[in-house]
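[1] One predicted model, sequence on top.
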Amino acid sequence: MLSEAKLRTARLEQKMEEQGLSAALITAEDSIAYLAGFWGYLGIEFGRPSMLVIRPGHDPVVITPLMESEMVSAMTWVEDVRVWEDAGPRSWQRVLGDVLGSGQRTLHVERQRLPAIVRNWLDEQDLQLGDITPILNELRMIKSELEIDIMKKAGTIAGAMMKAAHSSLRAGAREYESALAVIDAGTRAAAGFLTDKGWERFVSPMIHNLQILQSGPDTSMVHRRASVRQYQQGDPVYFCFCNMVQFKQYKLGFDRMFHIGSIDAKAEDVQQAAIDAQRRALEAMRPGVRAEEVAAAANEVYRERGYETGYRTGRAIGTAALEVPELKAGDKTILQPGMTFAVDGGISIDGECGGRIGDSVVVTEDGFEFLTSYPREILVV
């Protein structure tokens, strides 16, 4: 894992050199994990940044809080790890300034993902800021064999989570009980892929983050969280595992809709339209096709059934929950083998019902391969 991260950084440096870029500041956790091999576990940003400085012709530098420096040094391949302290003269601003040097005039950053506290400080410096994101996006677009293998393991974990979600459903059970079952099953499945040796000893198997769960009259409320609500006979129940299914920082998209006991005619029609739209999109997915053509195939189904088309049919996935390209109108990126996507069928009718299904796939030489697997049909418990 670390040897591949080192090679990615070398490719980034080569791209920067070819374009005449002197320095890049990487601040997004998933980008740092992709290049330097380490990440934190807090999952929140409250003014204590970790950073990676890349300069062609120089060794990369990691800048991290003193509190996490021991773990970071053990996780990363980068040898130059510099620490900063919350109080005193060794602030992160001082350390970053020392690394960049007084002669630095331009700096490329992840413009849309720069923490506000870092952006504010950079704005006070005599620096011209550019955007490193397009180069990073290009590097991350095609996944290696190692990355695809990790994502396949994530898919196996996702399957265990969905099976547990399915088994938890019955009238009278509560939403949070389903969430606990998902967390337990996913954690146990992830633990089965890990050892306590080397770099892997820093990879937690724990499945975390709030479970996206929409049930009953709230089914159309996108991104609703599991509550203490009790399931009722005839309820639709939707599970979304986006940002929960992840293994070694690689994140998948995976969604299913269930119905407890029975399904009414309207809900069945909506759900079948979502399933058929996803199927049509997948039939269009192969190398040489434009991303927007995949979305157009799904949108045709929605129009045929009398429903509005969605914002997008899918998104590229990897160490970030949202990468490029997106499967939507206007994205003319040509699909290539090794690209990985979450491909969705989705309809929301406000205040009434919703239909949802989502899987993760990898584009192959002659089509695609599923990374996630669970029945793609009307699911009545």
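    Now that the structure is in, tell me what you want to look at.
[2] doesn't residue 293 fall inside a helix?
    Yes. Judged by DSSP: H, G, I helix; E, B strand; the rest coil, residue 293 forms part of a helix.
[3] For the chain, just list every one of the helices.
    Under the criterion DSSP state H, the chain contains helices at 2-18, 29-36, 69-75, 92-100, 116-124, 133-141, 145-167, 175-191, 265-283, 291-305.
[4] Now do the buried residues in the fifth one.
    I take that to be helix 116-124. Buried residues in helix 116-124, counting neighbours by 16 or more other Cβ atoms under 10 Å, are found at 118, 121, 122. No exception for glycine: its C-beta is placed from N, CA and C like everyone else's.
[5] My guess is residue 3 contacts residue 144. True?
    No. Residue 3 is beyond contact range of residue 144, at 11.2 Å (criterion: Cβ atoms under 8 Å).
[6] neighbour count winner among those two?
    Between residue 3 and residue 144, residue 144 has the larger neighbour count (other Cβ atoms under 10 Å), namely 12 against 9.
[7] gap between the nearest residue to that one once chain neighbours are set aside and residue 326?
    Leaving aside its chain neighbours, residue 144 sits nearest to residue 4 (6.4 Å; criterion: Cβ to Cβ, 6 or more residues apart in numbering). Counting by Cβ to Cβ, to the nearest Å, the gap from residue 4 to residue 326 is 25 Å.
[8] if you count what's nearby, which of these two comes out ahead?
    residue 326 (21 against 15).
[9] In contact with that one, which residues?
    Listed by Cβ atoms under 8 Å, 6 or more residues apart in numbering, the contact partners of residue 326 are 291, 312, 314, 315, 316.
[10] cool, residue 274 as well?
    Shown in contact with residue 274 (Cβ under 8 Å, 6+ apart): 257, 345, 346, 347, 355, 356, 357.
[11] and if you look at residue 98?
    Counting by Cβ under 8 Å, 6+ apart, residue 98 touches residue 82.
[12] what about residue 378, neighbour count?
    What residue 378 shows, counting by other Cβ under 10 Å, is a neighbour count of 15.
[13] try residue 365
    Neighbour number of residue 365 under other Cβ under 10 Å is 9.
[14] And residue 227, by the same measure?
    With other Cβ under 10 Å as criterion, residue 227 counts 13.
[15] Tell me the spacing between the residue most central in space within the chain and residue 253.
    Nearest to the geometric centre of the chain sits residue 321, at 1.7 Å (Cα atoms, centre = their mean). Residue 321 sits 8 Å away from residue 253, going by Cβ to Cβ.
[16] any idea of the pLDDT on the closest residue to residue 172 other than its chain neighbours?
    Counting by Cβ to Cβ, 6+ apart, residue 230 is the residue found nearest to residue 172 once chain neighbours are left out, at 5.8 Å. What the model reports as pLDDT for residue 230 is 98.
[17] Was I right to think residue 230 contacts residue 173?
    Yes. Residue 230 is within contact range of residue 173, at 7.0 Å (criterion: Cβ under 8 Å).
[18] what about the strands in the stretch 201-350 of the chain?
    With DSSP state E, counting those that start in this stretch, the ranges of strands along the stretch 201-350 of the chain come out as 212-215, 236-240, 246-247, 250-251, 255-259, 314-316, 323-327, 340-349.
[19] related to what we said a few turns ago, give me whichever of the helices of the chain is most buried.
    helix 29-36 (a mean of 24; mean count of other Cβ atoms under 10 Å).
[20] Domain ranges for this structure, per the record?
    2-140, 142-370 (automatic domain parsing).
[21] what's the span of the first one, first residue to last?
    To tie it back to what came earlier, the one meant is domain 2-140. 16 Å (Cα to Cα, to the nearest Å).
[22] With the last one instead?
    Distances were taken as Cα to Cα; on that basis the terminal residues of domain 142-370 are 16 Å apart.
[23] How far away from the center of its chain is that domain?
    Distance of domain 142-370 from its chain centroid, counting by Cα atoms, centre = their mean, to the nearest Å, is 11 Å.
[24] just the shortest one next, same as before
    Domain 2-140 sits 20 Å away from the centroid of its parent chain (Cα atoms, centre = their mean).
[25] Average pLDDT for it, rounded please.
    Across domain 2-140, the per-residue pLDDT values average to 93.
[26] before we move on, what about stretch 180-198?
    Confidence over stretch 180-198 (mean pLDDT, whole number) is 98.
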